[in-house]
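Trainee: need a structure here:
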Amino acid sequence: MDVQSAVSLNRTIQVDQAIFTSIRTPMGEGYRIVACSSAIKEQEKKELARRLPSHGSLCESSPSATALLSFPMASGRHCVALSQYAGHEHTARGGSRVFTRLILLQRSHFATFDRDPFAIRDAASRAGAIHVDLKPSHELEPLELVAGRTADTCDNNLPGAEEVLMGASEAILDEATCARLKYVLETTMCGEQLMVSRAASASSMLRRLLQAIPIAMRADLSASAGLNYSPHRELQLALLSGGAAAKHRLADKDFVSYDWHDVPPPVDSRFGIWVSFVGRHWESGRHDRLNEIAGLLTHENTPEQLALVVSLYEDMERALEPNAVRSEERLNTRSGAQQQSGVRTTLLNQLRALLRIES
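Mentor: Okay, here's the model as predicted:
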């Protein structure tokens with residue numbers, strides 16, 4: 001059985017786009033949607049205007065700074081917003097102008113990209129849609145994005161494609177970095193709202209975290225990397241890069257704030273088995289394999305289901321070792337338990353196929 005990520009299908013998807021920035025036009029000035037595809041509805045425009053970054057929203061002041069924002073919308077679509085600086089503000093407040101390119105997808109199209117906003121960013125880059133345009137036509141044509149395997153097609157020269165903290169796909173992460181990442185991962189999987197400040201490389205961190213979250217859990221995740229905190233963005237996970245910290249008091253008492261340089265506190269959750277499994281892959285540099293496993297989990301969300309997946313996979317790994325008769329017996333036993341528990345038989349076959357590819 002040939003196991004492939006959805007993003008390897010090279011399928012062409014048509015999506016709507018918009019530009020949100022501050023330029024002077026006959027319609028006025030200030031931050032607003034200055035150009036968009038005709039299919040974007042007024043209610044969607046109002047939601048976007050409330051949640052998108054404006055003046056002073058990027059964490060970094062460097063001219064090359066970038067940010068990414070990803071969230072499900074009330075209309076049922078998903079928005080991926082790519083922000084960067086575009087010269088100086090033309091208004092009296094001065095400073096750097098923030099330019100944001102928006103991509104709006106149907107939920108089914110978001111799934112085609114493995115619910116990975118970075119895969120969408122990479123596809124938009126390949127389509128030539130990342131550039132700054134301060135004189136756009138009022139109406140923009142829809143974009144055609146080609147879904148392709150991200151690891152093979154990512155342009156590491158495009159804005160936001162840095163791999164400073166997390167390294168390349170085979171990078172072995174140190175124990176302290178893994179401990180911090182595991183805290184952020186487990187807190188997010190528990191459904192908590194979390195703001196991480198002073199993250200060394202927010203985009204790389206978010207990409208690593210998404211690769212470790214089962215694909216079924218990514219659908220409703222709202223997250224940002226490289227943007228200052230704002231309650232109007234209504235995020236579950238906000239990663240603030242560099243030395244940035246929250247500029248607003250956290251209005252929601254349940255919102256958790258974590259400084260990346262602090263020792264992570266313990267998390268009381270039932271996802272510990274899955275998170276430990278993820279950590280072992282991070283520490284051994286098996287990031288691509290972890291992403292493949294998480295991409296298979298289209299239905300497995302509960303701690304018990306994920307713990308079973310870990311047991312099945314690790315038993316299969318041991319079954320590949322020499323003199324692994326007992327491991328194979330354990331695998332057969334767990335396979336029967338897996339079928340009785342309702343976890344799909346196809347998942348077991350897919351996990352087997354992954355290991356056949358590796359062996």
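Trainee: can you show me the strands along the stretch 251-359 of the chain?
Mentor: Applying DSSP state E, counting those that start in this stretch to the stretch 251-359 of the chain gives strands spanning 256-259.
Trainee: ok, and the helix or strand in this structure with the lowest average confidence?
Mentor: helix 150-153 (a mean of 42; mean pLDDT, DSSP states H and E).
Trainee: what helices or strands is whatever helix or strand comes next after that helix leaning on?
Mentor: The C-terminal neighbour of helix 150-153 among helices and strands, as given by DSSP states H and E, is helix 175-189. Contacts defined by 3 or more Cβ pairs under 8 Å, 6 or more residues apart in numbering; DSSP states H and E place helix 175-189 against strand 194-199, helix 202-212, strand 256-259, helix 272-283. For every residue, glycine as well, the C-beta is placed using N, CA and C.
Trainee: can you list the low-confidence ranges for the stretch 101-250 of the chain?
Mentor: 148-170, 243-250 (pLDDT under 70).
Trainee: so what's the residue count around Asn349?
Mentor: 12 (other Cβ atoms under 10 Å).
Trainee: I misspoke; the intended subject was Ser311.
Mentor: 17.
Trainee: go on, Glu29?
Mentor: Other residues close to Glu29 by other Cβ under 10 Å number 13.
Trainee: wait, it touches Ile23, no?
Mentor: Yes: using Cβ atoms under 8 Å, Glu29 is in contact with Ile23, at 7.0 Å.
Trainee: before we move on, back to that, for Leu227, which of the helices and strands packed on helix 175-189 is the nearest?
Mentor: Of all the helices and strands packed on helix 175-189, helix 202-212 sits nearest to Leu227, with 8.5 Å by Cβ to Cβ.
Trainee: which other helices and strands does the closest one contact?
Mentor: Packing partners of helix 202-212 (3+ Cβ pairs under 8 Å, 6+ apart): strand 66-72, helix 117-126, helix 175-189, strand 194-199, strand 223-225, strand 237-241, helix 272-283, helix 287-296.
Trainee: between helix 202-212 and the second one, find me the angle.
Mentor: In this case it means helix 117-126. 120 degrees (axes from the mean of the first three to the mean of the last three Cα atoms, to 10 degrees).
Trainee: which strands or helices does the helix or strand following helix 117-126 pack on?
Mentor: Per DSSP H and E, the first helix or strand lying C-terminal to helix 117-126 is strand 143-146. If you count contacts as 3+ Cβ pairs under 8 Å, 6+ apart, strand 143-146 packs onto strand 12-22, helix 117-126.
Trainee: tally of neighbours for Asp268?
Mentor: By other Cβ under 10 Å, 8 other residues sit near Asp268.
Trainee: just the pLDDT for it.
Mentor: Looking at Asp268, its pLDDT reads 85.
Trainee: again with Gly336
Mentor: 50.
Trainee: likewise for the one 4 residues further on?
Mentor: Residue-level confidence at Gln340 comes out at 41, pLDDT.
Trainee: neighbours around Ala216, how many?
Mentor: Ala216 is flanked by 16 other residues according to other Cβ under 10 Å.
Trainee: now name the helix or strand holding it.
Mentor: helix 215-218.
Trainee: now do that helix: which elements does it pack against?
Mentor: helix 287-296.
Trainee: then the helix it packs on to PDB, C-alphas only?
Mentor: The C-alpha trace of helix 287-296 is given here as PDB (Å, rounded to 0.1, in the frame of the first residue of the first chain):
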ATOM      1  CA  HIS A 287      10.500  14.900  11.900                       C
ATOM      2  CA  ASP A 288       9.400  13.800   8.500                       C
ATOM      3  CA  ARG A 289       8.300  10.400   9.800                       C
ATOM      4  CA  LEU A 290       6.400  12.100  12.600                       C
ATOM      5  CA  ASN A 291       4.600  14.300  10.100                       C
ATOM      6  CA  GLU A 292       3.600  11.300   8.100                       C
ATOM      7  CA  ILE A 293       2.200   9.500  11.200                       C
ATOM      8  CA  ALA A 294       0.300  12.600  12.300                       C
ATOM      9  CA  GLY A 295      -1.100  13.000   8.800                       C
ATOM     10  CA  LEU A 296      -2.700   9.500   8.900                       C
END
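Trainee: could you say what helices and strands it packs with?
Mentor: Partner elements for helix 287-296 (3+ Cβ pairs under 8 Å, 6+ apart): helix 202-212, helix 215-218, helix 272-283, helix 345-358.
Trainee: repeat that for 6 Å
Mentor: helix 202-212 (3 or more Cβ pairs under 6 Å, 6 or more residues apart in numbering; DSSP states H and E).
Trainee: so the helix it packs on versus helix 272-283, what angle?
Mentor: Using the same axes, to 10 degrees: helix 202-212 against helix 272-283 is 130 degrees.
Trainee: so what's the gap between helix 202-212 and the chain middle?
Mentor: Here the centre of helix 202-212 is set off from its chain's centre by 6 Å, with Cα atoms, centre = their mean, to the nearest Å.
Trainee: next one: stretch 346-359
Mentor: 25 Å.
Trainee: quick one: mean pLDDT for that stretch?
Mentor: 69.
Trainee: cool, thanks, talk later.
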